[in-house]
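**Q** no FASTA, just this:
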């Protein structure tokens, strides 16, 4: 006997919405379609859990509810603590006896927890329905230095993390994962504001689970398989008066497969399998850009922007090397401040130093360039600087923060990294 029901999902254009008539049915007497549920379930068991989830939702949307139940059972068998999968299975079982109106239709369900699970289903399905353009590059990754084998970009709005490999300075897509960010979203300003910072950061090291257990005891389970600390607050954060600490990439508690999109205290959180997979590519110095929303560029546009950013840095280096003090200082904004030095003091110091030079050579190596996520367009340039002159030889790691002012770019912060 067939059972009929109607689903009008409150999720992204209807997670459960069926084509045309918007009605679906269970049928235990009608043979399955040529691609059977058993075949699909077997194939999906070997796939990533997110792929299995999407297969389940697509089976529901295609009016193949027996298939959907088998698929979600396979997903739960693989990940027993996947709460969203259990919710979908509950819906499928309830659908045999009564109409459903939304994802998570149990009358006594906790509203906040349901909303969290709906939000997770929404962002995961949205990524499947509208993936980034093929071969596109995030605008924030302008150039990667030879020392940066990989780079990470986090899209806070879509709860997605993308990993790229360095192909002779060109970022090439490698992996992507669903992530959780701060309970209050992105844009950290203060300690305890439960927001994830926005900016360009670098992995500072690794905290294996064994080390976390020694330090935090039972609370270490919050971080799952381990943690990779980030360099928040960076120089620009401090310049803006932002504070806080302990912003990490880390895994999930052992009793939870995945957390809702907005659930951390500010860290970027992955499932344990995803964090373990990502962690294989992370090392001290790996760039991690956290942006409200990724701007994706076609290769030609990316190359054009990268060339302009590199030219800006080259002009600064050339003017400095030529001891052309007027043009060199013209690269600095009136808003420049660094380590307690304002633009007037900086101009005076640099004018005196250049006046004492007979010649200078400035070489920049291991250059990386990032479009810094900010309300006003910014650039971050990072490089090893080899400075030689008639009375000083110096080699240091340096970062320059540039802000767009009118048609050009001006330096608003300069600092050495030791």
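**A** Happy to help now that I have it. Model, not experiment: these values are computed from the prediction. Numbers count the residues shown, from 1 in each chain.
**Q** which SS state does the spatially closest residue to residue 149 that is not a sequence neighbour fall under?
**A** Take residue 149 and drop its neighbours on the chain: the residue closest to it by C-beta to C-beta, 6 or more residues apart in numbering is residue 166, 5.4 Å away. C-betas here are computed from N, CA, C, even on glycine. Under the three-state scheme (DSSP: H, G, I helix; E, B strand; the rest coil), residue 166 adopts strand.
**Q** Residue ranges in the protein under the pLDDT threshold?
**A** For the chain, the stretches with pLDDT under 70 are 1-47, 99-101, 105-109, 418.
**Q** From the recorded domain assignment, give the ranges for it.
**A** Using automatic domain parsing, the domain parsing of the chain gives 3-129, 137-296, 298-416.
**Q** Now render those domains as a markdown table, adding mean neighbour count.
**A** A markdown table is the format used below for those (neighbours: other C-beta atoms under 10 Å):
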| stretch | mean neighbour count |
| --- | --- |
| domain 3-129 | 17 |
| domain 137-296 | 19 |
| domain 298-416 | 16 |
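**Q** related to what we said a few turns ago, I figured the residue nearest to residue 149 hits residue 151, correct?
**A** Yes: the pair residue 166 / residue 151 is scored as a contact, 7.0 Å apart, by C-beta atoms under 8 Å.
**Q** residue ranges of the strands in the stretch 301-418 of the chain, please?
**A** 337-338, 341-342, 360-372, 378-389, 393-405, 408-416 (DSSP state E, counting those that start in this stretch).
**Q** now for the fourth one, which elements pack on it?
**A** Under the contact criterion of 3 or more C-beta pairs under 8 Å, 6 or more residues apart in numbering; DSSP states H and E, the helices and strands touching strand 378-389 comprise helix 299-321, strand 360-372, strand 393-405.
**Q** would you list those in TSV and tack on distance to residue 221?
**A** Formatted as TSV, these follow (distance: least, C-beta to C-beta, whole Å):
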stretch	distance to residue 221
helix 299-321	41
strand 360-372	34
strand 393-405	36
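**Q** if we can go back for a sec, shared neighbours of residue 166 and residue 151, anything?
**A** residue 144 (C-beta atoms under 8 Å, 6 or more residues apart in numbering).
**Q** quick revisit: of all the helices and strands packed on strand 378-389, which one comes closest to residue 280?
**A** strand 360-372 (21.4 Å; C-beta to C-beta).
**Q** That closest one - contacts with which helices or strands?
**A** Against strand 360-372 (3+ C-beta pairs under 8 Å, 6+ apart) you get strand 141-143, strand 199-202, strand 287-291, helix 299-321, strand 378-389.
**Q** now these as JSON lines including distance to residue 338?
**A** Listed next are the helices and strands packed on strand 360-372 as JSON lines, based on distance: least, C-beta to C-beta, whole Å:
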{"stretch": "strand 141-143", "distance to residue 338": "22"}
{"stretch": "strand 199-202", "distance to residue 338": "17"}
{"stretch": "strand 287-291", "distance to residue 338": "21"}
{"stretch": "helix 299-321", "distance to residue 338": "15"}
{"stretch": "strand 378-389", "distance to residue 338": "14"}
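**Q** Can you say which of the ones you listed is nearest to residue 412?
**A** It's strand 378-389; of those, that one is closest to residue 412 (C-beta to C-beta) at 7.9 Å.
**Q** Can you read off the backbone torsions of residue 245?
**A** Main-chain torsions, residue 245, degrees, to the nearest 10: phi -160, psi 180.
**Q** Report the contact partners of it.
**A** Counted by C-beta under 8 Å, 6+ apart, residue 245 has contacts 191, 232, 233.
**Q** does residue 248 have beta-bridge partners, and which?
**A** residue 229 (DSSP bridges).
**Q** what's the distance between it and residue 369?
**A** 25 Å (C-beta to C-beta, to the nearest Å).
**Q** again, but for residue 300
**A** Counting by C-beta to C-beta, the gap from residue 300 to residue 369 is 17 Å.
**Q** Could you do residue 254 as well?
**A** From residue 254 to residue 369 the distance is 40 Å (C-beta to C-beta).
**Q** Report the beta-bridge partners for the residue nearest to residue 149.
**A** Bridge pairing for residue 166 - DSSP bridges - gives residue 171.
**Q** ok, it - contacts?
**A** 144, 146, 148, 149, 150, 151, 172.
**Q** dump the residue contacts of the first one.
**A** This points to residue 144. Contacts of residue 144 by C-beta under 8 Å, 6+ apart are 151, 164, 166, 169, 170, 171, 287, 368.
**Q** what do you get for the fourth one?
**A** With C-beta under 8 Å, 6+ apart as the criterion, the residues that contact residue 149 are 165, 166, 281, 283, 286.
**Q** Alright, calling it a day.
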